[in-house]
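Novice: Quick one, fold the following:
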Amino acid sequence: MSYSTADPLRSVTLDDVRGARKMLAGVARVTAMEGSRHLSQLVGAPVHLKCENLQRTGSFKLRGAYVRIAGLLPEERAAGVVAASAGNHAQGVALASALLGVRATVFMPIGAPLPKISATRDYGAEVRLHGQVVDETLAAAQEYAAATGAVFIHPFDHPDVIAGQGTVGLEILDQCPELRTLVVGVGGGGLAAGIAVAVKELRPDVRIVGVQAEGAAAYPPSLSAGRPVSIAAPATMADGIKVGRPGEVPFRIVADLVDEVRTVGEDELSAALLLCLERAKLVVEPAGASPVAALLARPREFEGPVVAVLSGGNVDPLLMQRILRHGMVAQGRYLAVRLRLTDRPGALASLLGALSAADANVVDVSHVRTDSRLGLTEAEVELHLETKGPEHCAEVGRALGEAGYTVID
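Specialist: Residues are numbered from 1 along each chain as shown. Purely as a prediction, here's the structure:
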């Protein structure tokens, strides 16, 4: 098939997705489909995880980037390509360019995680750090394209990219032919649009549910307005779907083919990431865990069999630490308490004894004995505890009260 670059607003068809699949043979992995016993029990029907976090470069982005770059004319390839990204798209463009012998320049924000910068360079791209936020980085990449003639590779707003991402949908139908509901994270909309084109043409009975982070949910107001609209200052830990405005091309497809777009909060994202790690033994980034978050939030609203797309696994280790702790707090498995006690020998040991009796594991203790807020004989203690869930947290609170301690907060 031919991928013309002359009309970026053309529609995407099933034939485009099938052509992309042939193009990606031997390039992109056919990623695994794993069953989840825990989620299946919650939903009351079989739940399967489509593991695009195990794709080359750690996300689905390689699919669309490769198809887009492979479709360039010879003179366009000679001019090179340029992209802007904080992570997944950067790595997808870098590897696709290396495989196709095309020079790639990738602009990344100055604060991008070092592992993502290093991986992008290792795949062969020239990395330029510019801007504090992605919008500034994007503007720099577009200026570079205008000045040098390099082809700008958009992360989601191009038919070739959408066709490449749609190959995930074809694989899902092959791996789970009895599919009834498909749940996928939505940022700009390229992955959801591509999957919808493939799945709805072959299985119009399948329900497709898109998921956005509450702090970066541009699709609900856009769908209400009937056109892409921007939201101010999107904010979420799920940087892979932190997009302030839907793409023109994917928006039309999502509006036509995706049955519903719902949102999830940061606590739900954290809990989903923790579940993927603990129960499925899969490292998934917050954006990739968003479909699982939607299942956890309202599990009985999904007709099975269900497939949840884990779209990526590129998460910075430092962010992972914070998210896991956040997830444990959200599940009632991590408790922080602050209280005051009499500053006398053995007082702290007595407090720790009360916590031990309540079967709470002390992770950290901060003991302040000199502070203007404290009385002459007072000390303040802040404790971080591992607990077994909300009921255990309540039990710990009762145990402290019965032992004569007053929790400040």
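Novice: tell me the domain ranges of the chain?
Specialist: Listed by automatic domain parsing, the domain ranges of the chain are 14-59+158-327, 61-152, 332-402.
Novice: residue ranges for the strands of the stretch 201-350 of the chain, please.
Specialist: Using DSSP state E, counting those that start in this stretch, the strands of the stretch 201-350 of the chain run over 207-213, 260-264, 306-310, 334-342.
Novice: Give me the contact list for the third one.
Specialist: Defining contact as CB atoms under 8 Å, 6 or more residues apart in numbering, one finds that strand 306-310 is touched by 33, 39, 43, 45-53, 60, 168, 172, 176, 179-185, 191, 195, 276, 282, 284, 288-289, 291-292, 294-295. Backbone N, C-alpha and C define where each C-beta goes, glycine included.
Novice: between that strand and strand 207-213, how big is the angle?
Specialist: If you take axes from the mean of the first three to the mean of the last three CA atoms, to 10 degrees, strand 306-310 sits at 40 degrees to strand 207-213.
Novice: what distance separates strand 306-310 from the centre of its chain?
Specialist: 13 Å (CA atoms, centre = their mean, to the nearest Å).
Novice: And for the longest one?
Specialist: In terms of CA atoms, centre = their mean, the centre of strand 334-342 is set 34 Å apart from its chain centre.
Novice: Return that strand as CSV; C-alpha atoms alone will do.
Specialist: Output of strand 334-342 as CSV, limited to C-alpha atoms (Å, rounded to 0.1, in the frame of the first residue of the first chain):
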residue,chain,number,x,y,z
TYR,A,334,0.8,2.9,54.1
LEU,A,335,0.0,5.1,57.0
ALA,A,336,1.6,8.3,58.2
VAL,A,337,0.8,9.5,61.7
ARG,A,338,2.0,12.4,63.9
LEU,A,339,1.6,12.5,67.6
ARG,A,340,3.0,14.0,70.8
LEU,A,341,4.2,12.2,73.8
THR,A,342,5.9,13.0,77.1
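Novice: Give me the average confidence score over it.
Specialist: Across strand 334-342, the average pLDDT comes to 77.
Novice: One more: the third one?
Specialist: When pLDDT is averaged along strand 306-310, the result is 98.
Novice: Show me the strands paired with that strand, marking each as parallel or antiparallel.
Specialist: Sheet pairing for strand 306-310, assigned by DSSP bridges, gives strand 47-51 (parallel), strand 181-185 (parallel).
Novice: so which of those strands is the most packed in?
Specialist: When you average the neighbours per residue for each of these (mean count of other CB atoms under 10 Å), strand 181-185 leads with a mean of 28.
Novice: From residue 55, how far out is residue 122?
Specialist: 16 Å (CB to CB, to the nearest Å).
Novice: hmm, back to that, confidence-wise, which of the domains of the chain is weakest overall?
Specialist: domain 332-402 (a mean of 77).
Novice: surely residue 323 meets residue 276?
Specialist: No: in this structure, residue 323 is not within contact of residue 276 by CB atoms under 8 Å, at 11.1 Å.
Novice: Distance from the longest helix anywhere in the chain to the middle of the chain?
Specialist: Looking across the chain with DSSP state H, the single longest helix is helix 159-175. Using CA atoms, centre = their mean, the distance from the centre of helix 159-175 to the centre of the chain it belongs to is 18 Å.
Novice: so that helix versus strand 306-310, what angle?
Specialist: Using the same axes, to 10 degrees: helix 159-175 against strand 306-310 is 140 degrees.
Novice: Which neighbouring elements make contact with helix 159-175?
Specialist: helix 14-24, strand 47-51, helix 61-70, helix 190-202, helix 248-257, strand 306-310 (3 or more CB pairs under 8 Å, 6 or more residues apart in numbering; DSSP states H and E).
Novice: Let's see that with 7 Å instead.
Specialist: For helix 159-175, the packing partners by 3 or more CB pairs under 7 Å, 6 or more residues apart in numbering; DSSP states H and E come out as helix 14-24, helix 61-70, helix 190-202, helix 248-257.
Novice: Next, format those helices as CSV and append mean neighbour count and distance to residue 158.
Specialist: Output for these, formatted as CSV (neighbours: other CB atoms under 10 Å; distance: least, CB to CB, whole Å):
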stretch, mean neighbour count, distance to residue 158
helix 14-24, 20, 12
helix 61-70, 29, 6
helix 190-202, 28, 8
helix 248-257, 21, 6
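Novice: Turn those helices into TSV, columns for distance to residue 344.
Specialist: Converted to TSV, the helices and strands packed on helix 159-175 look like this (distance: least, CB to CB, whole Å):
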stretch	distance to residue 344
helix 14-24	70
helix 61-70	60
helix 190-202	61
helix 248-257	65
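Novice: Of these, which is nearest residue 401?
Specialist: helix 190-202 (49.2 Å; CB to CB).
Novice: who's in contact with the closest one?
Specialist: For helix 190-202, the external contacting residues (CB atoms under 7 Å, 6 or more residues apart in numbering) are 12-14, 17, 60, 64, 155-156, 161-166, 168-170, 173, 182, 184, 186, 206, 208, 210, 247, 250, 253-254, 257-258, 311.
Novice: ok, of these, which come out buried?
Specialist: Buried members of these, counted by 16 or more other CB atoms under 10 Å: 12-14, 17, 60, 64, 155-156, 161-166, 168-170, 173, 182, 184, 186, 206, 208, 210, 247, 250, 253-254, 257-258, 311.
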